[in-house]
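[1] 3D, please:
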Amino acid sequence: MVLKKLTDTMEHNVMKEHKAVYVIAAIISLPVCAYAVYMKIWILAAISALAFLSIAPGLVISVIKDKREKETDSKHSEEFKRIRSAGDNGYEYAFTEYYKDSFDKIHDWERSGFEDLIWTKYQNGIIKLAYLLPYLKKYDGMSRLQADLASPSTTDGHKSIIADALDQAAGYPA
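    Predicted coordinates for the structure are as follows:
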């Protein structure tokens with residue numbers, strides 16, 4: 001149980017950008033521990049052993065997750081990858097009148113994850129995904145759009161996109 005909590009914590013702490021630092025720390029901590037034991041510096045041995053034991057599980061989990069991500073990423077459709085990258089580094093997917101085709105461009109096994117992705121990214125502020133919300137089967141996208149349109153906290157720019165998405169979903173021309 002303690003090891004699971006420790007590995008879960010380390011999984012969040014080991015970021016891809018800082019993985020090299022953690023690898024170096026793990027590599028250094030083992031020889032330091034061995035030297036401290038040889039020299040009978042018990043506090044240093046304990047600290048370096050704890051450092052290694054707290055870093056190593058997170059690194060192993062991180063490497064495994066990276067490998068799995070690469071394997072599944074190669075299997076995903078281009079449309080899934082495009083939607084997943086929406087909002088990353090300022091990139092926002094340019095939605096056109098072909099937004100309905102997004103669901104035709106994905107694999108059947110991707111549908112559930114694709115809908116989760118759209119729903120989450122819309123909730124996180126990628127407003128142009130409003131055009132895809134009416135076509136979700138797993139979530140009630142129409143109700144969410146209507147609620148957002150009626151919400152006083154929604155900006156006028158967002159309201160115009162939401163209203164356009166609702167009009168197009170109802171069959172009115174853009």
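[2] alpha carbons only for contacts and neighbour counts from here, please
    Noted.
[3] got the domain boundaries for this structure?
    Following automatic domain parsing, one finds the domains of the chain at 2-72, 76-170.
[4] Let's have the ones you listed in a markdown table, adding mean pLDDT and mean neighbour count.
    Listed next are the domains of the chain as a markdown table, based on pLDDT from 0 to 100; neighbours: other Cα atoms under 10 Å:
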| stretch | mean pLDDT | mean neighbour count |
| --- | --- | --- |
| domain 2-72 | 72 | 15 |
| domain 76-170 | 78 | 15 |
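[5] after whichever helix or strand Ile64 is part of comes which helix or strand?
    Ile64 is part of helix 42-75, with elements assigned from DSSP states H and E. As assigned by DSSP H and E, the chain's next helix or strand after helix 42-75 is helix 78-84.
[6] Just the C-alphas of that next one, formatted as PDB.
    Once non-C-alpha atoms are left out, helix 78-84 reads as follows in PDB (Å, rounded to 0.1, in the frame of the first residue of the first chain):
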ATOM      1  CA  GLU A  78      -5.100  11.200 -37.600                       C
ATOM      2  CA  GLU A  79      -8.400  12.800 -36.600                       C
ATOM      3  CA  PHE A  80      -8.000  11.600 -33.000                       C
ATOM      4  CA  LYS A  81      -4.500  13.000 -32.900                       C
ATOM      5  CA  ARG A  82      -5.600  16.300 -34.300                       C
ATOM      6  CA  ILE A  83      -8.400  16.700 -31.700                       C
ATOM      7  CA  ARG A  84      -6.000  15.600 -28.900                       C
END
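[7] quick one: contacts of the helix or strand just after it?
    Downstream of helix 78-84, the next assigned helix or strand under DSSP H and E is helix 111-123. Residues outside helix 111-123 that contact it (Cα atoms under 8 Å, 6 or more residues apart in numbering): 80, 83-84, 86, 103, 128-130, 132-133, 136-139.
[8] Centre of the chain to helix 111-123, how far?
    What separates the centre of helix 111-123 from the centre of its chain is 11 Å, taken as Cα atoms, centre = their mean, to the nearest Å.
[9] Could you find the closest non-adjacent residue to Ser29?
    Once flanking residues are discounted, Ser29 sits nearest to Ser48: 5.0 Å by Cα to Cα, 6 or more residues apart in numbering.
[10] Give me the contacts around stretch 158-174.
    So stretch 158-174 is contacted by Ile127, Lys128, Ala130, Tyr131, Pro134, Met142, Leu145, Gln146, Asp148, Leu149 (Cα under 8 Å, 6+ apart).
[11] try 7 Å this time
    With Cα atoms under 7 Å, 6 or more residues apart in numbering as the test, stretch 158-174 has contacts from Ile127, Lys128, Ala130, Tyr131, Pro134, Leu145, Leu149.
[12] Specify the local secondary structure of the fifth one.
    Meaning Pro134. Here Pro134 is recorded as helix under DSSP: H, G, I helix; E, B strand; the rest coil.
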